[in-house]
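*Asks:* Give the three-dimensional model of this entry:
(chains A and B)
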Number of protein chains: 2
Amino acid sequence: MIAELISVGTEILLGNIVNTNAAFLAKQCAALGLSCYHQTVVGDNEERLCEAIRTALTRADILILSGGLGPTQDDLTKEMVARVTGRELLLDEHSKERIRDFFQLRGREITGNNWKQAYYPEGAIILDNENGTAPGLILPYLDKHILLLPGPPEELEPMFVNQMSPYLKELQQEVICSSTVKLCGIGESKAETQILDLLEKQSNPTIAPYAKTGEVHFRVTARAETEAKAKALLEPVVQELTGRFGSQVYTIREEVSLEQAVAELLQEKGWKIATAESCTGGMVAARLTRVAGVSGVFETGVITYANETKRELLGVKEETLAHFGAVSFQTAEEMVLGLAERTGAEVSLSITGIAGPSGGTKEKPVGLVFIGCKIKENVTIKEFHFSGNREKIRESSVVAALSLVRSCMLAYE
Amino acid sequence: MIAELISVGTEILLGNIVNTNAAFLAKQCAALGLSCYHQTVVGDNEERLCEAIRTALTRADILILSGGLGPTQDDLTKEMVARVTGRELLLDEHSKERIRDFFQLRGREITGNNWKQAYYPEGAIILDNENGTAPGLILPYLDKHILLLPGPPEELEPMFVNQMSPYLKELQQEVICSSTVKLCGIGESKAETQILDLLEKQSNPTIAPYAKTGEVHFRVTARAETEAKAKALLEPVVQELTGRFGSQVYTIREEVSLEQAVAELLQEKGWKIATAESCTGGMVAARLTRVAGVSGVFETGVITYANETKRELLGVKEETLAHFGAVSFQTAEEMVLGLAERTGAEVSLSITGIAGPSGGTKEKPVGLVFIGCKIKENVTIKEFHFSGNREKIRESSVVAALSLVRSCMLAYE
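*Replies:* Below you'll find the model as predicted:
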């Protein structure tokens, strides 16, 4: 079955809020095995709202509208759905009571326009809103289903999960299972050329590639009548991908980030990591500490932005800085050696580079970054050339550093 | 003029990513005085992409498409625009060179599919991509304009601001001037109630409030026939706002971030800052080092995630940690004192807190954060209680820390 999302709200069209509801609902639909080919945003405007509903009815089985159920005059969603479907709006006494209670509970007086929220299009299933005043609605219409949700995420999300998702499951014959094969240390186009044959013959499961800074993800999605059958379709494709990319695959779990994969690897090995950052100014440590419970493997990080700090905190030699410069193979090496010595961590990481916009020269252009990794007695120093603005270069450096640490750990015998 | 946004990408339809590009572009269009009545999301599908383009051409003057310009097979945006407009795709030698350079610079081999990105629809203006390989395109078509942007925000945002926005300004009869009054250290609702009278009687200039984590922004936008007239409308409103919020206003310049305001204040005073972070794990330093040329005011940061590191790097006393705990007023104080002593920086900052999800107790719940700031001889320690998930608590701590440093610097005589 095909679902279509219609988000209603001028604040979205003005860019005042990011449409996180659409992302939430899209994920929910995918998990339910619903195909979603269109997302639309329209403002609180009668004509355009009706047009959006009519268009969606021509191409989708399930319409999911969010927003515009409030008490104010420019909340029109319910009214326009009633107009397009030719249903009358009726008063629901139960909802009216709930609205009265909601206000009394908060000792707030009810303004007349609030009763507007107690009306529903004839034939609609009314869903209590546990976190607000506007009820949700499910309107069966011809062979289709029109779902109306309140806009605030804290009202929309529980209502969809607890009351609409079960309704949609009933309608669904298919189950969908997906897995995301995440790669680091390889470019998008290079990764894709290695599986062109799979991409060409894909149908079920489907393989969707997409790129993040320094990473490539392949989302594999299978559909079948039962979860077991879907998983059976999924498995071999995921195995094929992991087989082809080997150690470049850092996870096949949707929820796992690169920093989490690194943290888990450290936990497995029973090792601790320490970081010394210059151009990335603490971004690697900030990424690592996003992982809950990372304190078991991460204790110490230093940001040695100035040469003096590189000497004091890491023992980088004055001559090294003078002769080779702060951004050099030698400095990266002395940084990582000094860090390891001072912290005693099994894994040490150093980063020094030129993030720009200024500071670049012909010999050492903006984007030149040296990353050092020491695992016990093994020391690896790598030179990178990144492009883009200051933030992009820093981002790329962080991902490259995490990838390097990961590959060095895997290579260590 | 009317603009319409078309976001292309199956990952958006699947809910794998939140469509922040649409919010960014919508905000930009609003700032340019363009009306936006529809936002559409379609996947990488020939038929549906063409249909979306055709529909948009019937109701908008300016089409802004983002995503689907990459090298892979399912990047179709450019191809479908060419199909709908009946333009041929031609090879651009300049873009081809840039792509070659991009890969050579990284010592990466170019796979054949990358050349796909060097093709453009006949008659299009080609925009170099400073942060990636896919060029942007502006295709004048009949009396309309079709803009194509790469999907990654770090490529899309600078390209739009630097290359497309000026083009769109040319098309506009009206001149739009805007200024953003940015506040820290005050909540959104509190800030809004202080200017309700202004919000109610606004027309030209308009005042649009935006809430960010720990910050409130008021975007003031005036429109007139000339820039001088628009500015004349803008000035008094901006002055009124800055007058009402006083030192809570950290900038009235759109492009200035809180970290930049703090860095500029340090430069003015000729002071250096050092940071010692526990729960934020380097996020404050990472924010500060986003500012180009920050090396003049920032030299040293430490991430003391473990108690041992707090002792070794900052000299926090064993008894203090044992008796009051790592997350305490006393530890925050000893951290900032030890940091100041060791670095000699005029401004020192310490953060220790419980970001969760675990580690909270009845007396010390998740979200409890202590922030210490030492300016020369003045020491300030503040206790905060933040809500939300781990990342939200960390974000809030970073903004609170920057706000505290700023207000302490302003208060210092």
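*Asks:* give me the number of residues near the residue nearest to residue A:67 when sequence neighbours are not counted?
*Replies:* Nearest residue to residue A:67, sequence neighbours excluded (C-beta to C-beta, 6 or more residues apart in numbering or on different chains): residue A:151, at 3.5 Å. For glycine as for every other residue, the C-beta is placed from the backbone atoms N, C-alpha and C. Residues lying near residue A:151 (other C-beta atoms under 10 Å in any protein chain shown) number 23.
*Asks:* list the contacts for residue A:151?
*Replies:* For residue A:151, the contact set (C-beta atoms under 8 Å, 6 or more residues apart in numbering or on different chains) comprises A:8, A:9, A:21, A:66, A:67, A:68, A:69, A:70.
*Asks:* name the element the residue sitting nearest the centre point of chain A belongs to?
*Replies:* The centroid of chain A falls nearest to residue A:255 when counting by C-alpha atoms, centre = their mean (8.6 Å). Per DSSP states H and E: residue A:255 is located in neither a helix nor a strand.
*Asks:* From residue A:247, how far off is it?
*Replies:* Residue A:255 sits 21 Å away from residue A:247 when distances are taken as C-beta to C-beta, to the nearest Å.
*Asks:* Kindly report the same for residue A:191.
*Replies:* Counting by C-beta to C-beta, the gap from residue A:191 to residue A:247 is 14 Å.
*Asks:* isn't residue A:407 right next to residue A:183, touching?
*Replies:* No. Residue A:407 is not in contact with residue A:183 according to C-beta atoms under 8 Å; the separation is 11.9 Å.
*Asks:* near chain B, which residues of the stretch 151-300 of chain A?
*Replies:* A:187-190, A:192-193, A:196, A:199, A:208-211, A:213, A:219, A:221, A:275, A:277, A:279-286, A:288-290, A:292-295, A:298-300 (C-beta under 8 Å from any C-beta of the partner chain).
*Asks:* Repeat the analysis, applying 6 Å as the threshold.
*Replies:* Neighbours of chain B within the stretch 151-300 of chain A, by C-beta under 6 Å from any C-beta of the partner chain: A:189-190, A:192-193, A:208-210, A:281-283, A:285-286, A:289, A:292, A:295, A:298-300.
*Asks:* Where does pLDDT dip in the stretch 1-150 of chain A?
*Replies:* For the stretch 1-150 of chain A, no stretch is flagged by pLDDT under 70.
*Asks:* related to what we said a few turns ago, inside helices: which ones of the residues of the stretch 151-300 of chain A next to chain B?
*Replies:* A:189, A:190, A:192, A:193, A:283, A:285, A:286 (DSSP state H).
*Asks:* distance of the closest residue to residue A:263 other than its chain neighbours from residue A:412?
*Replies:* Nearest in space to residue A:263, with sequence neighbours left out and distances taken as C-beta to C-beta, 6+ apart, is residue A:291 at 4.5 Å. Applying C-beta to C-beta, the value for residue A:291 to residue A:412 is 21 Å.
*Asks:* higher neighbour count, the two?
*Replies:* Per other C-beta under 10 Å, whichever of residue A:291 and residue A:412 has more neighbours is residue A:291, with 22 against 14.
*Asks:* Tell me which residues touch that one, please.
*Replies:* Neighbour list for residue A:291: A:259, A:260, A:263 [criterion: C-beta atoms under 6 Å, 6 or more residues apart in numbering or on different chains].
*Asks:* Go through the residues you listed and name the one nearest chain B.
*Replies:* Closest to chain B out of the contacts of residue A:291 is residue A:259 (10.6 Å), distances taken as C-beta to the nearest C-beta.
*Asks:* Verify the contact between that closest one and residue A:287 for me.
*Replies:* Yes. Applying C-beta atoms under 6 Å as the test, residue A:259 and residue A:287 come out as touching, 4.4 Å apart.
*Asks:* before we move on, back to that, where does the residue nearest to residue A:67 land in three-state SS?
*Replies:* Look at residue A:151: counting by DSSP: H, G, I helix; E, B strand; the rest coil, its state is coil.
*Asks:* tell me which element residue A:223 is part of?
*Replies:* Element membership for residue A:223 (DSSP H and E) is strand A:215-224.
*Asks:* what's the helix or strand just after that strand in contact with?
*Replies:* Next helix or strand after strand A:215-224 toward the C-terminus (DSSP H and E): helix A:227-245. For helix A:227-245, contacts defined as C-beta under 6 Å, 6+ apart pick out A:175, A:177, A:179, A:181, A:183, A:194, A:205, A:218, A:220, A:222, A:224, A:249, A:252.
*Asks:* so what's the backbone phi/psi at residue A:177?
*Replies:* Main-chain dihedrals, residue A:177, degrees, to the nearest 10: phi -130, psi 140.
*Asks:* for residue A:143, same thing?
*Replies:* Per degrees, to the nearest 10, the backbone of residue A:143 is at phi -100, psi 20.
*Asks:* residues near it, how many?
*Replies:* There are 6 residues near residue A:143, going by other C-beta under 10 Å.
*Asks:* what's the spacing between it and residue A:174?
*Replies:* Distance, residue A:143 to residue A:174, using C-beta to C-beta: 17 Å.
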